[in-house]
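> sequence and predicted structure are below.
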2 protein chains.
Amino acid sequence: MPKAKFTQSEKTTTAQNGATAEHVVEQIRSLIANGELRPGDRLPAERELAKQLGISRPSIRAGLRMLVARGVLRARHGSGTYVADGPPSLDSDQLSLLAELHGFTFDQMYEARQVLEVQAAGLAAERATPEHLAAISEEVAEMYAALEDPQQYLIHDIKFHRAIATASANPILATLVEMVSAVMYDQRRDTIGRAHDFKESVEMHQRLYRAIRSRKPDEARAAMHEHLALAHKAYRTEEGKLSKKKK
Amino acid sequence: MPKAKFTQSEKTTTAQNGATAEHVVEQIRSLIANGELRPGDRLPAERELAKQLGISRPSIRAGLRMLVARGVLRARHGSGTYVADGPPSLDSDQLSLLAELHGFTFDQMYEARQVLEVQAAGLAAERATPEHLAAISEEVAEMYAALEDPQQYLIHDIKFHRAIATASANPILATLVEMVSAVMYDQRRDTIGRAHDFKESVEMHQRLYRAIRSRKPDEARAAMHEHLALAHKAYRTEEGKLSKKKK
DNA sequence: GATAAAAATTGGCTTTACCACCAGGCGAGA
DNA sequence: TCTCGCCTGGTGGTAAAGCCAATTTTTATC
């Protein structure tokens, strides 16, 4: 039963400015903040919302599209519009565009990863649940299985790091790691080489996993730091070779 | 079952599915990536774009609105649509909605700030330019001036921390700090009390600034860590009083 | 009872039209 | 001649009506 509960704010505001679409955003936002809309819930249909709020459907669509772009909603053609439920910012394009705009460099990305993930690894070692550990372990196994497939290896590499961030039990950190790693993946996917010493890399991951499982935060931090430093260095030499070959 | 596909979405651009609006996003994105559109530039008019791309105007608008929501573009009524030029994510609502969605707690926020800002302070101490130092110093002065005005004090507190993040010379870190602090500010603005010992707080900021100016990364990190820990503790006691009073 | 076809629901796109805001030019008045 | 004010063209913002495509639900058929 659709609860006609959208407060129908009587657009007394006259809204002479450009706020009709923003109004929609605010409505949905407040519904979410009040807990009336929970992740996974389905919103009323657009035509329904338009009637309830007294706003035209295009404007409703404009507001919803903003929230979709921000990763708060998820529109499924033919089914309905839902509140995002999965991991925060599933698409994680958020930073990608800004990255292209401001020209983030790989050095900066690795530096940011050092800041975020070293601490995340430490927290994970303190607080990881058995489920978290299983998820991390599984990615290590997948990496072993993908030693000969750079594309697949990269995917599970990223997922491994995200699993650790999730295990830190701090969703904010997890979201930030997710964003940065998404940018990394986007930029890296197409240019991944073949000459990597995945063997050594996967063993470092293994060591990192063991440190977390053994609940040794210091070791986990050290292992993550070392791993990222090595990955960064590997990337730089690869990049050097590429640019040299270019000439 | 399809394995999780990261950001993928559509590089292939085939997709007769819901891709008309996405197509616009991709077009603009590539223009930005190719450097044909630089921050501050003005985009062609919507009607013009519609003709050029052979897409109806509402769809063009839908795509542009997505980019506006992501902070990449800025639309000015009556004038045109421009590429965002200012600091990354000027609005910084990005996380705010996710915060309300997933119920980020203050403890988590302070923890994330610890991770980000302690390291940012260290980097700032290594790389801050005279301009950066001036910006930081100015915010300290403003805080002294606003000792009696909690609202103003909070604003300059945030700006102080952002200035340090900017001085880290890593735009990614600066952006992340910006996001987290925006969430913090949104949640805090309305509930800021009066009983804070701003005097002690501002002196800690002063000390932190001096450490950065003197190029002492270790001291800067320590000062930032201590400052955030104290702020966190102060918040917790205040919160405790409030919830007790509530009963 | 199971399976396939059809109808209803819903988001996506187009067309057309009008409104509100901004900028620069043009003319009336000083 | 200079300045002020209005006005016109261009731009983003909103609205209405209609059709298409994907999904879900219902219904009919075997």
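Now that the structure is in, tell me what you want to look at.
> for chain A, which segments are assigned as helices?
Assignment of helices within chain A using DSSP state H yields the ranges A:20-33, A:46-53, A:57-69, A:94-102, A:106-127, A:130-145, A:150-167, A:171-189, A:198-213, A:217-246.
> quick one: the last one near chain B?
No. Remark: helix A:217-246 sits outside contact range of chain B, by C-beta under 8 Å from any C-beta of the partner chain, the gap being at least 11.4 Å. C-beta coordinates here come from the backbone N, C-alpha and C atoms, glycine included.
> re earlier: in TSV: the helices of chain A, plus mean neighbour count.
Written out in TSV, the entries for those read as follows (neighbours: other C-beta atoms under 10 Å in any protein chain shown):
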stretch	mean neighbour count
helix A:20-33	18
helix A:46-53	17
helix A:57-69	21
helix A:94-102	23
helix A:106-127	22
helix A:130-145	16
helix A:150-167	22
helix A:171-189	23
helix A:198-213	18
helix A:217-246	15
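> nearest to B:V83 among those would be which one?
helix A:94-102 (7.3 Å; C-beta to C-beta).
> on that earlier part again, go through the helices of chain A and find the least confident stretch.
When the helices of chain A are compared on average pLDDT, helix A:94-102 comes out lowest at a mean of 74.
> and the contacts of that one?
The contact list for helix A:94-102, computed with C-beta atoms under 8 Å, 6 or more residues apart in numbering or on different chains, reads A:70-71, A:104, A:179-180, A:182-183, A:186-187, B:7, B:29, B:32-33, B:39, B:67, B:70-72, B:83-84, B:88-89, B:94, B:171-172, B:175.
> if we use 6 Å, what do you get?
In this structure, residues lying in contact with helix A:94-102 by C-beta atoms under 6 Å, 6 or more residues apart in numbering or on different chains are A:179, A:183, A:186, B:32-33, B:70, B:72, B:88, B:94, B:171.
> helix B:171-189 and that helix, what's the angle between them?
On the basis of axes from the mean of the first three to the mean of the last three C-alpha atoms, to 10 degrees, helix A:94-102 is oriented at 130 degrees to helix B:171-189.
> can I get helix A:94-102 in PDB, CA atoms only?
Once side chains and other backbone atoms are set aside, the C-alpha atoms of helix A:94-102 remain, and they are given as PDB (Å, rounded to 0.1, in the frame of the first residue of the first chain):
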ATOM      1  CA  GLN A  94      32.600  10.100  -8.300                       C
ATOM      2  CA  LEU A  95      36.300  10.800  -8.400                       C
ATOM      3  CA  SER A  96      37.000   9.500 -11.900                       C
ATOM      4  CA  LEU A  97      35.700  12.600 -13.500                       C
ATOM      5  CA  LEU A  98      37.400  14.900 -11.100                       C
ATOM      6  CA  ALA A  99      40.500  12.900 -11.700                       C
ATOM      7  CA  GLU A 100      40.400  13.700 -15.400                       C
ATOM      8  CA  LEU A 101      39.500  17.200 -14.700                       C
ATOM      9  CA  HIS A 102      42.300  18.000 -12.400                       C
END
